[in-house]
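In: Starting from these lines, generate the structure:
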Amino acid sequence: MPVTLRRMLRVLAVDDEEPALGELLYLLRADPRVRTAEGAGDATAALRRIGRALETGPDGEEAIDVVFLDIHMPGLTGLDVARLLAGFARPPLVVFVTAHEGFALQAFDLKAVDYVLKPVRRERLAEAVRRVHDLVHATAATAPAPTAPEQIPVELGGITRFVSVDDIAYVEAHGDYARLHTDHGSHLVRIPLSTLEERWASRGFVRIHRSHLVALARIDELRLDGGATSVRVGEVDLAVSRRHARPLRDLLMRRAGG
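Out: Down below sits the predicted model:
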């Protein structure tokens, strides 16, 4: 399907290693969804360019839709740049491109759209561009500037992927880890259930047991059997502890308008 000029992305790539930056720009410019791809060799140059983009606004000639950021650079790191951008009202989106797997959680906290590992594969970069492209234009009609939905990084066969929180039906505690259950499988992440409970309360996740956090909208049935309470989430039955049973029933009744 052809991509019109109006829908093509304006990209800034940032990397202090010239060969890596050149390869990244080559791949980006070859993608039909990319209108322009500029390069910056360090964080200072990148921030100057982003500053001009922010001054002109998202529809100006200097606008940037997304920044592809290396993490390890002299002076300010890519994470530092992302933290600075988070302080603006209408910043460009961020995709991290790095040789290091250990910063995925920080990327998650900074609302990165994706986390691409070096050496960059054409197919993997194309997937990151697709996510940015879809996000920019899905939100353009309803918001003054695109903002990333909350996502969480997961490891799949040595590759870091991002799972949208909206796709998660329930979460299961595993000590200091948590297993995220979606319609298409499960993913183990190094985040305690209590942290996710606090972070996702505003997104409709409720604690039903010391071992389970559930998306309220994904509960299909509430079952009472001999004093025991459980919920049906898709094809799975989950026990509800006594201390959570009454608050959960009240929440479900209010949600149903009862």
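In: correct me, but Leu93 touches Ile64?
Out: No: Leu93 lies out of contact with Ile64 (C-beta atoms under 8 Å); the separation is 9.1 Å. C-betas here are computed from N, CA, C, even on glycine.
In: can you give me the end-to-end distance of stretch 167-180?
Out: 10 Å (C-alpha to C-alpha, to the nearest Å).
In: For that stretch, buried residues please.
Out: If you call a residue buried by 16 or more other C-beta atoms under 10 Å, then stretch 167-180 has these buried ones: 168-173, 178, 180.
In: hmm, which two among the residues you listed are most spread apart?
Out: Ala169 and Ala173 (15.2 Å; C-beta to C-beta).
In: Which helix or which strand is home to the nearest residue to Ala239 once chain neighbours are set aside?
Out: Of all residues not flanking Ala239 in the chain, Ser230 sits nearest, at 5.3 Å (C-beta to C-beta, 6 or more residues apart in numbering). Element membership for Ser230, per DSSP states H and E: strand 228-233.
In: and the residue nearest to the spatial centre of the chain, what are its bridge partners?
Out: Most central in the chain under C-alpha atoms, centre = their mean is Gln151, positioned 2.9 Å from the mean C-alpha point. Note on Gln151: beta-bridge partners by DSSP bridges are Ser164.
In: just checking, Arg218 touches Glu235?
Out: No: if you go by C-beta under 8 Å, Arg218 and Glu235 don't touch, sitting 11.7 Å apart.
In: any idea how the protein splits into domains?
Out: Per automatic domain parsing, the domain ranges recorded for the chain read 5-148, 164-256.
In: follow-up on the earlier one: quick one, what contacts the residue nearest to Ala239?
Out: Applying C-beta atoms under 8 Å, 6 or more residues apart in numbering to Ser230 gives the contacts 222-223, 237-240.
In: again with Phe162
Out: By C-beta under 8 Å, 6+ apart, the residues touching Phe162 are 108, 112-115, 131, 151-154.
In: how about the strands of the stretch 151-258 of the chain, start to end?
Out: Per DSSP state E, counting those that start in this stretch, the stretch 151-258 of the chain carries strands over the ranges 151-156, 159-164, 168-174, 177-182, 185-189, 205-209, 212-215, 221-225, 228-233, 236-240.
In: Gly87 is nearest to which of the ones you listed?
Out: Smallest distance to Gly87 across the strands of the stretch 151-258 of the chain (C-beta to C-beta): 20.2 Å, for strand 151-156.
In: Counting neighbours, what do you get for Glu198?
Out: 11 (other C-beta atoms under 10 Å).
In: So it versus Arg179, what's the distance?
Out: 18 Å (C-beta to C-beta, to the nearest Å).
In: So which elements touch whichever strand or helix holds Val11?
Out: Here Val11, judged by DSSP H and E, is contained in strand 9-14. Counting contacts by 3 or more C-beta pairs under 8 Å, 6 or more residues apart in numbering; DSSP states H and E, strand 9-14 packs against helix 18-29, strand 34-40, helix 43-56, strand 66-69, helix 122-139.
In: by how many degrees do it and strand 34-40 diverge?
Out: 20 degrees (axes from the mean of the first three to the mean of the last three C-alpha atoms, to 10 degrees).
In: Let me know the distance separating the closest residue in space to Ala169 that isn't next to it in sequence from Pro19.
Out: Nearest residue to Ala169 in three dimensions, chain neighbours excluded: Arg218, at 4.4 Å (C-beta to C-beta, 6+ apart). As for Arg218, its distance to Pro19 is 46 Å (criterion: C-beta to C-beta).
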